[in-house]
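Peer 1: Here is the input, now give the coordinates:
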Amino acid sequence: MHTASWSHSGSSPRAETEQLVVMHYHLKPGGVTSVIRDDLKALRRYSTRFGRITVLTGSDDGTSAFRKALEDDAARPAHRAPELEILVAPELEYHEEPEPGELLDPLRRLLRRFLGDQTVWWVHNYHLGKNPVFTELLLELLAAHPEQRALLQIHDFAECGRYHNLARLRSYITRDPYPVTPNIRYLTINARDRELLAAAGIPASQVWTLHNPVQLGPSPETHKANPARSDAGAPGAPGAAGGTDGSTEFARDRRAVRRALAEAFGVDHGQFDPELPMVVYPVRTIRRKNAFEALLLNRVAGRSHNTLITLAGVSEAEKRYSGLVQTAYREGVVKGLWGIGDRLARAGLEFDDLVAAADLIISTSIQEGFGYQFVMPLTHNVPLLARRLEVLDGTDLLFDRFPAFFYEELRVPWTLPRDHELQAKTRRAYERRLERTAALLPTTALERLRGELDALLNAPTAEFSYLAPSHQYEIVKQAETDHGYRREVATLNTEIRTQLEYLLESELDRRTNLSERTQHLEQWFGLPAISAGIETVMAAFGTATGDAAPAIRQAAPHEPAQRAAIRASVSAERRFLPGDNPLERLTYAFARLENLRLLYE
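Peer 2: Numbering: from 1, shown residues only. As a prediction, the model looks like this:
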């Protein structure tokens with residue numbers, strides 16, 4: 001175990017106050033690490049509550065970059081910023097098959113160091129089954145020390161299709177992982193998860209939504225470093241990509257970026273045509289991103305375009321899927337580039353350049369906790385085509401009068417010319433999947449799943465995202481080589497195809513409602529709002545857990561009250577979940593076929 005600490009002193013001295021202890025298994029590059037980093041930026045800039053911030057993590061990987069990002073934060077506060085300490089404790093890393101005797105004592109010593117009524121624990125994804133010994137000890141200490149306040153932030157649920165993790169968690173812990181005690185507040189990153197926790201039996205006064213932070217606008221360094229685009233094309237710049245002159249200038253910048261990409265990557269990372277529009281899917285190629293759907297839309301669109309998927313999948317669980325998508329690009333099944341997001345310096349570009357130069361951002365993802373790809377179009381003024389997800393509920397205000405289209409499903413024929421058994425193979429695969437997970441699910445959930453499976457398989461056409469990746473790949477190849485099949489898929493999805501073509505072909509005024517939209521983004525995701533939200537949740541400690549909380553307290557603290565009132569109402573479907581405790585109720589709630597898709601195999 002080792003530590004590193006530093007502090008920044010501003011112009012105004014301040015007495016030491018409370019200590020914040022942030023806990024996560026690692027600080028490797030990724031979504032949760034980015035959230036923690038930007039949450040701390042928000043607190044250091046705008047809050048005076050904490051005199052010291054300690055980050056407990058299980059691995060050295062990523063800690064240097066994490067620390068540097070906070071050290072380099074240009075927006076220094078006028079007050080004295082809290083001292084930051086990063087402490088690496090290997091017992092906190094992922095231990096999926098742990099020996100409790102080896103981890104329990106080191107973890108106990110670690111956590112007991114930070115017990116106290118002047119300390120607040122902020123624990124991320126505490127119950128994923130990635131280190132069940134840590135989960136058990138955390139729950140034990142919070143029960144034994146009612147003076148110890150804790151924020152338990154949930155980014156993902158083991159109950160949501162991660163049944164290996166759920167089984168591991170159940171085998172190690174001796175208590176429900178969702179305690180209801182006055183010293184605990186739950187943080188969710190979207191309204192859906194807040195509703196689920198409330199429906200599972202956690203009092204509304206203890207559940208808050210804190211949106212993931214978004215730093216709005218690109219850094220000044222981005223503009224200075226890249227001659228490929230002018231100020232007129234910079235996202236967030238005055239006149240960016242809009243108006244008569246602005247749209248012409250922006251088009252020129254888009255062509256410059258496309259030429260730079262073509263020169264840098266040629267055919268090594270796909271088959272890219274710099275004269276065609278560019279559709280960007282700014283994600284890692286992992287299974288839940290449903291990447292082959294973006295490739296199929298590329299094939300059936302009326303207007304040819306490049307599709308760029310920015311990053312490879314790197315974990316062992318995702319490498320096979322990521323490699324299959326890469327093969328499609330190498331074989332020329334689709335025009336575009338794959339996996340070049342971490343090599344953009346070769347083209348003299350940064351990520352902001354790529355996103356801002358897109359003609360369209362696409363998202364075919366089937367599962368998100370937050371979904372930065374939905375926010376990027378708004379921050380970079382680029383149209384959006386996306387599969388509609390439940391976590392987007394309540395965000396209509398953000399996309400009001402913005403060039404975006406959301407679709408619910410993508411239909412394809414059940415029969416392939418070279419495979420007449422697609423329907424039967426899909427049924428057998430799902431039956432095997434249900435058989436493997438049956439022991440973890442209540443009987444009522446299994447019955448519901450079988451009904452959903454029958455509805456899926458008895459439909460006259462298939463929903464593309466429910467097919468196995470190998471079958472998705474074959475469908476994309478068939479659409480590339482068979483004009484008749486391509487026309488059939490296009491006919492089944494006329495509205496999506498029409499909207500895709502419209503968004504690609506229209507010269508849209510990207511300045512429309514820009515200032516109003518930026519204001520909404522600041523209210524929901526800006527760092528000042530994040531800091532204010534954390535302050536509001538902290539102030540709520542001590543509220544009786546049985547109290548009926550007003551709607552505004554169930555929502556993000558910076559959310560407009562009228563929208564909060566709408567979002568606070570739990571949907572009729574979720575109002576009463578069966579089960580004896582929150583874990584059982586959430587397991588039932590997430591036991592839907594959409595969370596058991598063959599993509600997750």
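Peer 1: got the contact list for stretch 20-30?
Peer 2: With Cβ atoms under 8 Å, 6 or more residues apart in numbering as the test, stretch 20-30 has contacts from 32-33, 36, 40, 43, 50, 52-59, 61-63, 65-66, 82, 86, 92-94, 114, 119-126, 130-131. To be clear about C-beta, it is placed using only N, CA and C from the backbone, and glycine gets the same treatment.
Peer 1: let's go with 6 Å and repeat that
Peer 2: 33, 50, 53-59, 61-63, 66, 93-94, 114, 119-124, 130 (Cβ atoms under 6 Å, 6 or more residues apart in numbering).
Peer 1: How about stretch 282-295?
Peer 2: Residues outside stretch 282-295 that contact it (Cβ under 6 Å, 6+ apart): 281, 307, 309-313, 318, 321-322, 325, 334, 362, 364-367, 373, 376, 410, 464-465, 472, 476, 599-600.
Peer 1: related to what we said a few turns ago, among the contacts of stretch 20-30, which lie within helices?
Peer 2: When DSSP state H is applied, the contacts of stretch 20-30 are split such that 33, 63, 66 fall in helices.
Peer 1: Among those residues, which one lies nearest to Gly339?
Peer 2: Thr33 (20.7 Å; Cβ to Cβ).
Peer 1: which ones are touching the closest one?
Peer 2: Leu27.
Peer 1: Looking at it now. What's its pLDDT?
Peer 2: At Thr33, the model reports a pLDDT of 91.
Peer 1: before we move on, what about the one 5 residues further on?
Peer 2: If you check Asp38, the pLDDT there is 93.
Peer 1: now swap in the one 10 residues further on and tell me
Peer 2: In the prediction, the pLDDT value recorded for Thr48 is 89.
Peer 1: what helix or strand is it on?
Peer 2: Under the criterion DSSP states H and E, no helix or strand holds Thr48.
Peer 1: ok, it touching Pro77?
Peer 2: No: between Thr48 and Pro77 there is no contact under Cβ atoms under 6 Å: 8.4 Å.
Peer 1: And the strands in the stretch 401-550 of the chain, which stretches?
Peer 2: 404-407, 411-413, 461-463 (DSSP state E, counting those that start in this stretch).
Peer 1: Direction included, what does the first one pair up with?
Peer 2: So the one you mean is strand 404-407. Using DSSP bridges, the strands paired with strand 404-407 in its sheet are strand 384-387 (parallel).
Peer 1: now the second one
Peer 2: When pairing is defined by DSSP bridges, strand 411-413 lines up against strand 461-463 (antiparallel).
Peer 1: Let me see the mean pLDDT of the partner strand.
Peer 2: Strand 461-463 comes out at a mean pLDDT of 97.
Peer 1: Can you give the contact residues for that strand?
Peer 2: Residues contacting strand 461-463 (Cβ under 6 Å, 6+ apart): 409, 411-414.
Peer 1: ok, 8 Å please
Peer 2: 409-414, 422-423, 426, 456, 492.
Peer 1: isn't Ala358 right next to Tyr281, touching?
Peer 2: No: in this structure Ala358 lies outside contact range of Tyr281 using Cβ atoms under 8 Å: 9.5 Å.
Peer 1: intersection of neighbour lists for these two?
Peer 2: Leu308.
Peer 1: Now distance to Arg436 too, for the strands of the stretch 401-550 of the chain, in a markdown table please.
Peer 2: Compiled in a markdown table, the strands of the stretch 401-550 of the chain are given as follows (distance: least, Cβ to Cβ, whole Å):
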| stretch | distance to Arg436 |
| --- | --- |
| strand 404-407 | 31 |
| strand 411-413 | 26 |
| strand 461-463 | 22 |
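Peer 1: So, low pLDDT: which residues of the stretch 51-200 of the chain?
Peer 2: Applying pLDDT under 70 to the stretch 51-200 of the chain flags the ranges 74-76, 78.
Peer 1: correction: the stretch 401-550 of the chain
Peer 2: 506-514, 542-550.
Peer 1: any chance you could map the helices in it?
Peer 2: 422-437, 443-458, 469-481, 483-492, 494-505, 514-525, 527-539 (DSSP state H, counting those that start in this stretch).
Peer 1: quick revisit: in strands only, show me the contacts of stretch 20-30.
Peer 2: The strands, defined by DSSP state E, take in 50, 53-57, 119-124 from the contacts of stretch 20-30.
Peer 1: re the thing from before, compare the contacts of strand 461-463 and tell me which has the most neighbours.
Peer 2: Counting neighbours by other Cβ atoms under 10 Å, the top entry in the contacts of strand 461-463 is Val412, with 26 neighbours.
Peer 1: so it sits right up against Phe464, yeah?
Peer 2: Yes: Val412 lies in contact with Phe464 (Cβ under 8 Å); the separation is 5.1 Å.
Peer 1: what do the two both touch?
Peer 2: Common contacts of Val412 and Phe464, defined by Cβ under 8 Å, 6+ apart, comprise 296, 475.
Peer 1: Leu585 looks like it's in a helix, true?
Peer 2: To be clear, residue 585 is Arg; Leu isn't right here. Yes: assessed by DSSP: H, G, I helix; E, B strand; the rest coil, Arg585 belongs to a helix.
Peer 1: Show the backbone phi and psi for the residue lying closest to Pro98 once chain neighbours are set aside.
Peer 2: Spatially, and ignoring its direct neighbours in sequence, Pro98 is nearest to Val133 (5.0 Å; Cβ to Cβ, 6 or more residues apart in numbering). Reported as degrees, to the nearest 10, the phi and psi values for Val133 are phi -70, psi -40.
Peer 1: With the one 3 residues further on instead?
Peer 2: When read as degrees, to the nearest 10, the backbone of Glu136 gives phi -60, psi -40.
Peer 1: what's the closest non-adjacent residue to it?
Peer 2: In space, and not counting its chain neighbours, Glu136 is closest to Ile173: 4.7 Å by Cβ to Cβ, 6+ apart.
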